[in-house]
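[1] Sharing a sequence plus its predicted fold:
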Amino acid sequence: MQGLYAVFRKELCDHFSSYRFVILFAVIAMVSFITSYVVGIHMRQNLEALSNTKFPFLMLFSTTGTLFSMVQFVAFFGPLIGLVLGFDSINRERAHGTLIKLISQPIYRDAVINGKFLAGVVTISIMLLSIVLVITGFGLAIVGVVPGIEEIWRLTVYLVISIFYVSLWLGVSILFSILFRSIATSALASVALWIFLSFFVSLGADVVANTVAPVNQQNAANPEAVLRNTRIKESVGLCSPMVLYSRATATIIDPMRKTNRAIVLMGPMEELLASRFQNPLPLSQSLIVVFPHTTALIAITLICFAISYTVFMMQEIRT
Amino acid sequence: MRLRGNGSLLSVPMVFLVAALLIAGPVSPALGAEKAKKDLPERSITVASEYTGVVLAQGDEASIDLIVTNGGRRNENVNLKVISYPKDWKVWIKTYSYRVTGVHVKSDKSKSLTLRVEPPKKTRPGQYNIGIQAQTDDRRLTSTCQVGITIKGKKEEVKSEGVNIITSYPVLRGPTDAKFEFSLEVESKLEKDTIFNLTAQGPKDWDINFKPAYEDKYISSLRLKANQSQTVAVEVKPFPLAKPGKYPIVVKVSSSQAKGEARLTLVLTGTYKLDVGTPNGLLSLEAIRGKKANLSFFVKNSGSAPLNNVQFLSLKPENWKVEFKPERLEALEPGGLKQIEVSILPTEEALVGDYSVGINVNAGKVSKSLEFRVTVRASTAWGWIGIGIIVLVVVGLVILFIRLGRR
């Protein structure tokens, strides 16, 4: 435990003092400032939307404004934080020859990887928390709405899911830094994987869905066909952690959302009767709705770390 | 030629006839008049009543025409006097507007006057005589006449003399809590404007009011011009707790001279009233999608008529199942209470959140609706599976730590 704490503390120092972190944080801070400002202005101009919702504070995070919302921003670029923090964590030590020196200290080998991962997670948590707090502060100042208990809980859950999401990419980049000796290779590999999973999977989902259950002119009016196409698209899209994350946070941050599907088949009566009571979901129900996605996200994060742990522990590192 | 011959043969006497008529026509009446005038006595007056016998109902008044005729060649001033009449009666002679004591009648002309007879209200039935005397100014000539007035008992008098009430629908039928409106046409047979009082007799605690037709105000009297008729509505609100059955209502229209009566009948079928609710008043329930949720509600017949064939309908989203047990009620007596079990089964695909499910209880004449808020919840089964997966992963990680750690 002694060794773990030492490595963790050292890593944290490294993270916070590195230029990389400063630049990254500057970018993120800037983006969150701009996002919250734009959203704040947008909300002030559309006050009727504010009066319609029971949770005006959450709108600060989910309203797109002119560019993108904070939720969307984390979904797209959050992985970059994880990647940047982890892509050279092991192979840099190895390249500089410091790993052997580290191991020769009275420190267990698992302390190294655990400490590095933990330090990354803590850094990510601090960054995300500060983004949320910045937006909260801006919201209080610009819009003047005070968050309620339920909103704070929802934000907390959102924050936890986001930390796991970014940590997933941290785990991926640490895995690559263990697998590849070259820093550049691991960086490229992790960025490539990120781009593939985030952007190409959704494209691929379209291709698969249109091949398996095409929607053409004959059956465009048939809701069943459209629904089947969308279902396939959604299932394939779930391969992407970004999709998982977006789905998982969608109902958390927007209590009025009652499903995480893109399209739901509803009869006219059902629509009418469902719109009779416009109540937001309680947090527990929102959680249950997105529970599969959240579970999957947390599980693959842990599994990813487990793989890198195993690989690192089994590896010959003295050479 | 023959025809022509015939015609000329006929025309000869015709010409004579026409000529004779032409000469005699204008001449003969002139000659007659002259002769009649000459035939008239120097002076002659008569007074006569148009009707020498009049039958009056007790309490009724009469106006009888008097004709004063001057049969002489001189114009005469005739003084008129009622010389005999029963005690306490009011009898006088008048024209349209004035009481008169004399009249000027030109030679060979006659004048009409009115003899007004007002017997006291309580005149006993019987035969009465009124004598009228006409006398010229110089009292040379006198003429008298007698008018016999028979007063008849009240019973016969009620025979809607003076006022007629006509009802097109004398019997109405409906539930106890309804408002009924009879339409009466009141027709005055009197010769003058009269104010009629409107009264109605119905069962105790009933609310009976008179209204002008198409107007929303209550009236208790009605002014009718001579020989005019008007429609009056009788609004009846039965006592809410009245038992079903037949109820008579007597409507009376009366004035000092006339009286009319109409019998109306109201047939009450009882009230149709239905109360629907849940035992504890709660109108919301939770349901897990794909699983039945049960609730019960009661149906109570709070009216006074039995309800037959009470059916239950539901307003629900598509693919949901709403079942009632029992499915329908054959009959529900007044005051009867029945509990109905409902099971609501949301589809697997139902969205989490609040739905409105309506239940309509339809008993033909009345129906009541209940709206339930059904909060659909997701089953927590998958949640536990998810937690299981995470626990499994964490356990795996711990095993890894133990197996590979401390190197």
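    Arrived safely.
[2] how about stretch B:60-68 as PDB, C-alpha atoms only?
    The C-alpha trace of stretch B:60-68 is given here as PDB (Å, rounded to 0.1, in the frame of the first residue of the first chain):
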ATOM      1  CA  ASP B  60    -120.600  36.500 -13.700                       C
ATOM      2  CA  GLU B  61    -121.600  39.700 -15.200                       C
ATOM      3  CA  ALA B  62    -123.400  40.400 -18.400                       C
ATOM      4  CA  SER B  63    -123.600  43.100 -21.000                       C
ATOM      5  CA  ILE B  64    -126.700  43.000 -23.000                       C
ATOM      6  CA  ASP B  65    -127.500  45.100 -26.000                       C
ATOM      7  CA  LEU B  66    -130.500  47.400 -25.800                       C
ATOM      8  CA  ILE B  67    -132.100  48.600 -29.000                       C
ATOM      9  CA  VAL B  68    -134.000  51.900 -28.900                       C
END
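[3] Can you give the contact residues for that stretch?
    B:45-51, B:54, B:56, B:78, B:80, B:93, B:103, B:105, B:110-119, B:132, B:134, B:145, B:147, B:149, B:157, B:161-162, B:191, B:257 (Cβ atoms under 8 Å, 6 or more residues apart in numbering or on different chains). Placement of C-beta: from N, CA and C, glycine included.
[4] ChimeraX command for the buried members of the residues you listed?
    Command for ChimeraX, covering only those of the contacts of stretch B:60-68 found buried under the criterion 16 or more other Cβ atoms under 10 Å in any protein chain shown:
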select /B:45,46,47,48,49,54,56,78,80,93,103,105,111,113,114,115,116,117,118,119,132,134,145,147,149,157,161,162,257
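[5] Return only those of the contacts of stretch B:60-68 found close to chain A.
    Among the contacts of stretch B:60-68, no residue is within reach of chain A (Cβ under 8 Å from any Cβ of the partner chain).
[6] Cross-reference the contacts of stretch B:60-68 with the strands and report the matches.
    B:45-49, B:54, B:56, B:78, B:80, B:93, B:103, B:105, B:110-118, B:132, B:134, B:145, B:147, B:149 (DSSP state E).
[7] So A:V145 sits against A:F57, correct?
    Yes - the pair A:V145 / A:F57 is scored as a contact, 5.2 Å apart, by Cβ atoms under 8 Å.
[8] Please say which of those two ends up with more neighbours.
    Using other Cβ atoms under 10 Å in any protein chain shown, the more surrounded residue of A:V145 and A:F57 is A:F57, with 22 against 17.
[9] show me what contacts that one?
    Taking Cβ under 8 Å, 6+ apart, one finds A:T136, A:G139, A:V145, A:V146, A:P147, A:G148, A:E151 in contact with A:F57.
[10] same deal with B:T347?
    So B:T347 contacts B:R289, B:G290, B:P317, B:N319, B:W320 (Cβ under 8 Å, 6+ apart).
[11] Just the buried subset of the residues you listed, please.
    Buried among those by 16+ other Cβ under 10 Å: B:R289, B:P317, B:W320.
[12] export those residues to TSV and tack on distance to A:S286, pLDDT and secondary structure?
    Output for the buried ones among the contacts of B:T347, formatted as TSV (distance: Cβ to Cβ, whole Å; pLDDT from 0 to 100; DSSP: H, G, I helix; E, B strand; the rest coil):
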residue	distance to A:S286	pLDDT	secondary structure
B:R289	15	85	coil
B:P317	21	87	coil
B:W320	23	88	coil
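[13] quick one: low-confidence parts of the stretch 251-400 of chain B?
    Along the stretch 251-400 of chain B, the model assigns pLDDT under 70 to no residue.
[14] quick one: the strands in it?
    Here the stretch 251-400 of chain B has its strands, by DSSP state E, counting those that start in this stretch, at B:259-268, B:274-277, B:284-288, B:293-301, B:307-315, B:321-325, B:328-332, B:337-345, B:353-362, B:367-377.
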